[in-house]
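>>> requesting a structural model of the entry that follows:
(one chain, ligands or ions: 1)
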Amino acid sequence: MNGILPLKGSIKHYDWGGFNLIPSLLLIDNSAAKPFAEYWLGTHPMGPSTVETEKGEISLEEVTGSLPFLLKVLDVREMLSIQVHPTREAAQLEFEKENAKGIPLDSPTRNYKDGNHKPELMVALDDFWLLHGFKSPEELVYTLLNVVELRELLPIFNQSGYPGLYKHLMEMPQDEVNRILKPLINNIAAIEPDVQPDKYDEDYWAAKAANKFAVDGNMDRGIFSIYLFNIVHLKKGEGIFQDAGVPHAYLEGPNVEVMANSDNVLRGGLTTKHIDVPELLKHIRCKPIYPRILEGQAIGQYERAYIAPVNDFTLSAFELNKDESTSFTPSNPTAFVLTEGYAVLHDGSRQVELQPGHAAAIALPGTQVSIRASLKSTVFKAFGSVHRGE
Ligand SMILES: [Zn+2]
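Okay, here's the model as predicted:
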């Protein structure tokens with residue numbers, strides 16, 4: 001089989017999801033206000049896609065084999081957990097270790113679901129907020145001086161740096177966590193809320209987190225991380241890459257994301273799920289990260305590529321005005337998702353119309369594919385170089 005086929009993804013209704021973006025992309029009535037968190041396009045066993053063929057609907061994997069990447073549309077209404085992903089080498093090693101220990105794959109204490117890394121590259125579809133890596137030393141010292149309740153942490157940072165401070169906070173007894181964070185959260189709550197909240201202000205997210213994750217009056221120690229990490233704001237069309245070891249948490253907004261086909265997540269707070277502190281400390285990059293916002297590099301007139309230093313996937317976006325068109329020849333199975341407008345993909349014999357309700361397609365190698373916009377359109381394109389054999 002070659003050419004272009006309509007693709008149907010898999011919806012994830014995680015409770016942090018938004019109500020409008022994915023339903024309007026897929027033309028699904030959501031008057032019941034069900035959360036629609038993610039739309040998956042790929043062959044991941046937890047949510048495999050299907051394609052429509054002359055013979056009816058069949059699994060994507062039957063047509064392409066297992067894809068090395070997973071393409072997603074995300075709509076973050078409420079913040080996600082703080083997380084770190086391991087390197088491929090570490091994931092292989094630790095996955096084998098957990099297998100040898102006989103921990104079932106679906107056990108809540110299982111850290112490694114497979115032997116692969118999980119680098120993630122995302123592009124914002126509108127204003128997007130996330131935590132990404134430790135702040136610079138100057139900014140961190142400034143925060144620890146200015147947030148009175150956290151001032152007692154400054155000597156620890158001065159003495160033992162990022163690893164010492166982070167270990168201290170992650171291993172701190174829960175009573176101590178409450179002693180520091182309860183007054184902090186109470187003091188934030190006492191301030192008259194602004195009409196326009198300042199989302200660059202850590203207090204804004206800390207109050208939200210305290211609201212969501214306080215269990216039995218205990219404070220979630222992930223709230224410390226809101227003050228330690230960079231708060232990054234992406235505007236529509238800007239991207240960012242989460243490399244192995246970089247702690248991150250998606251706070252709010254819609255995006256398109258591509259990742260390696262893996263489910264290896266080590267959590268570090270803002271969650272009710274399992275946290276394995278020693279394992280987290282082994283893999284987190286305890287050093288300052290200077291966020292690199294990706295604007296996308298122009299390829300020809302209509303395409304922008306978001307470049308990440310991994311060979312698992314490539315992500316780009318076509319921006320076409322009405323009646324503009326371009327063409328290319330895929331060398332690997334290539335997934336498309338329309339996030340705006342109405343565009344037609346053509347392979348010489350078949351055409352697939354991308355529009356709300358039918359937002360995705362897969363192109364198989366072997367034929368040239370053209371894309372023409374019927375309205376001003378944005379179409380994301382992802383493919384993976386098949387990376388196997390380690
Ligand atoms: Zn992640």
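>>> please name the nearest non-neighbouring residue to the residue in the stretch 251-390 of the chain that the ion sits nearest to.
For the stretch 251-390 of the chain, the residue closest to the ion is residue 265, as judged by CB to the ion, at 6.5 Å. Backbone N, C-alpha and C define where each C-beta goes, glycine included. Take residue 265 and drop its neighbours on the chain: the residue closest to it by CB to CB, 6 or more residues apart in numbering is residue 83, 5.0 Å away.
>>> could you measure from the one you found over to residue 311?
With the distance defined as CB to CB, to the nearest Å, residue 83 ends up 22 Å from residue 311.
>>> ok, the residue nearest to residue 265 touching residue 269?
No - using CB atoms under 8 Å, residue 83 makes no contact with residue 269, being 9.3 Å away.
>>> on the three-state scheme, residue 150 is what?
Classification of residue 150 into helix, strand or coil gives helix, according to DSSP: H, G, I helix; E, B strand; the rest coil.
>>> quick one, phi psi at residue 264?
Main-chain torsions, residue 264, degrees, to the nearest 10: phi -90, psi 100.
>>> ok, it - contacts?
With contacts defined as CB atoms under 8 Å, 6 or more residues apart in numbering, residue 264 is in contact with 85-86, 91, 95, 111-114, 116-118.
>>> again, only using 6 Å
Residues counted as contacts of residue 264 (CB atoms under 6 Å, 6 or more residues apart in numbering) are 85-86, 91, 112-113, 118.
>>> what of residue 27?
Taking CB under 6 Å, 6+ apart as the contact definition, residue 27 lies against 356-357.
>>> can you read off the pLDDT for it?
The confidence metric pLDDT takes the value 96 at residue 27.
>>> ok, residue 368 to residue 306 distance?
As judged by CB to CB, residue 368 and residue 306 stand 24 Å apart.
>>> so between the two, which is more surrounded?
Under the neighbour definition other CB atoms under 10 Å, residue 368 and residue 306 were set side by side, and residue 306 has more, 24 against 13.
>>> quick one, what contacts the closest residue to that one other than its chain neighbours?
Computed as CB to CB, 6+ apart, the closest residue to residue 306 that is not its neighbour in sequence is residue 239, at 4.3 Å. When contacts are counted by CB under 6 Å, 6+ apart, residue 239 touches 123, 294, 306.
>>> equivalent analysis for residue 114, please.
Taking CB under 6 Å, 6+ apart as the criterion, residue 114 is in contact with residue 262.
>>> SS state for it?
Secondary structure, three-state DSSP: residue 114 is coil.
>>> so which residues on this protein come close to the ion?
For the chain, the residues in contact with the ion under the definition CB under 5 Å from the ion are 83, 120.
>>> against which helices or strands is the top strand by length along the chain packed?
In the chain, taking DSSP state E as the definition, the longest strand is strand 248-260. Contacts of strand 248-260 with other secondary structure elements, assessed using 3 or more CB pairs under 6 Å, 6 or more residues apart in numbering; DSSP states H and E, are made with strand 69-76, strand 120-124, strand 128-134.
>>> what sits closest to the residue lying farthest from the centre of the chain if chain neighbours are left out?
Most distant residue from the mean C-alpha position of the chain: residue 349, 35.9 Å away (CA atoms, centre = their mean). Counting by CB to CB, 6+ apart, the nearest residue to residue 349 once its immediate chain neighbours are dropped is residue 3, at 6.5 Å.
>>> ok, back up a step: mean pLDDT and mean neighbour count added to the helices and strands packed on strand 248-260, as a markdown table?
Output for the helices and strands packed on strand 248-260, formatted as a markdown table (pLDDT from 0 to 100; neighbours: other CB atoms under 10 Å):
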| stretch | mean pLDDT | mean neighbour count |
| --- | --- | --- |
| strand 69-76 | 97 | 26 |
| strand 120-124 | 97 | 24 |
| strand 128-134 | 98 | 23 |
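>>> got TSV for those, with distance to residue 183 too?
Formatted as TSV, these follow (distance: least, CB to CB, whole Å):
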stretch	distance to residue 183
strand 69-76	29
strand 120-124	35
strand 128-134	22
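>>> residue 324: which of these is closest?
Judged by CB to CB, the one of these that comes nearest to residue 324 is strand 120-124, at 20.1 Å.
>>> helices and strands around that closest one, which ones?
For strand 120-124, the packing partners by 3+ CB pairs under 6 Å, 6+ apart come out as strand 239-242, strand 248-260.
>>> okay, these in a markdown table with distance to residue 341 next?
Supplementary listing: the helices and strands packed on strand 120-124 in a markdown table, determined by distance: least, CB to CB, whole Å:
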| stretch | distance to residue 341 |
| --- | --- |
| strand 239-242 | 20 |
| strand 248-260 | 14 |
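>>> which among those strands is found nearest to residue 23?
Proximity to residue 23, assessed across the helices and strands packed on strand 120-124 by CB to CB, is greatest for strand 248-260 (12.4 Å).
>>> which of the contacts of residue 264 lies closest to the ion?
residue 85 (5.7 Å).
>>> which element is the closest residue to residue 116 other than its chain neighbours on?
Of all residues not flanking residue 116 in the chain, residue 262 sits nearest, at 3.9 Å (CB to CB, 6+ apart). Assigned by DSSP states H and E, residue 262 falls within no helix or strand.
>>> distance of the residue nearest to residue 306 from the ion?
Using CB to the ion, to the nearest Å, one obtains 14 Å as the distance from residue 239 to the ion.
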